[in-house]
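Asks: Let me see the structure of the following:
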Amino acid sequence: MKTKINLQDLAGGSVSERIDIELQKVWENIADPNTDAKKARKLQIVLTFKADEERDIANLSIQVKPTLIPAKQTETKILLDYDENGKATGAELKSGQKGQCYIDQDGDVADDKGEKVINLKANQK
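Replies: Predicted coordinates:
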């Protein structure tokens, strides 16, 4: 009786295929600039054997699990206010300081929530 198990051929090659799929996730997680480059990633292959009562057959369950690094935490500031009905609202602070206007990406003047106050392109027409 052959007693060797070849992971490449095991379960019709599906184990090898799962390893390749999960490895791709590890490569993508390492390449993601939003994750911590120095933290270790893991690929765990779990083989679970359950024998029958006669101990002549065992069911083999195979699981491939990556341990990935989550994206770094990001923060922003939220302006809290109330609408005309007295219901609390929130909007992202874009200007850096409450009540301050700034020049947006388009070169227009925007309020602290990023809404255009002066649209320079519209004024040029």
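
Asks: switch to C-alpha atoms for all contacts and neighbour counts from now on
Replies: Will do.

Asks: I'd guessed residue 42 sits against residue 64; true?
Replies: No. The criterion here is C-alpha atoms under 8 Å, and residue 42 misses it with residue 64 at 10.4 Å.

Asks: Where do the domain boundaries of this protein fall?
Replies: Split into domains by automatic domain parsing, the chain comes to 10-67, 78-123.

Asks: Pull the distance from the last one to the chain's centre.
Replies: It stands for domain 78-123. Distance of domain 78-123 from its chain centroid, counting by C-alpha atoms, centre = their mean, to the nearest Å, is 29 Å.

Asks: now stretch 51-70
Replies: With C-alpha atoms, centre = their mean, you get 27 Å for stretch 51-70.

Asks: For that stretch, C-alpha coordinates in PDB please.
Replies: Only the C-alpha atoms of stretch 51-70 are listed here, as PDB (Å, rounded to 0.1, in the frame of the first residue of the first chain):
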ATOM      1  CA  ALA A  51     -11.400   7.500  11.200                       C
ATOM      2  CA  ASP A  52     -14.400   5.300  11.100                       C
ATOM      3  CA  GLU A  53     -15.100   2.700  13.800                       C
ATOM      4  CA  GLU A  54     -13.200  -0.100  11.900                       C
ATOM      5  CA  ARG A  55     -10.200   2.300  11.500                       C
ATOM      6  CA  ASP A  56      -9.700   1.300   7.900                       C
ATOM      7  CA  ILE A  57     -11.000   4.500   6.400                       C
ATOM      8  CA  ALA A  58     -10.400   8.100   7.400                       C
ATOM      9  CA  ASN A  59     -12.200  11.200   6.200                       C
ATOM     10  CA  LEU A  60      -9.800  14.000   5.500                       C
ATOM     11  CA  SER A  61     -10.900  17.600   5.800                       C
ATOM     12  CA  ILE A  62      -8.600  20.200   4.400                       C
ATOM     13  CA  GLN A  63      -8.700  23.900   5.200                       C
ATOM     14  CA  VAL A  64      -6.400  26.600   4.000                       C
ATOM     15  CA  LYS A  65      -6.600  29.900   6.000                       C
ATOM     16  CA  PRO A  66      -4.600  33.100   5.500                       C
ATOM     17  CA  THR A  67      -3.900  35.400   8.400                       C
ATOM     18  CA  LEU A  68      -3.800  38.900   6.800                       C
ATOM     19  CA  ILE A  69      -3.000  42.300   8.200                       C
ATOM     20  CA  PRO A  70      -5.900  44.800   8.300                       C
END
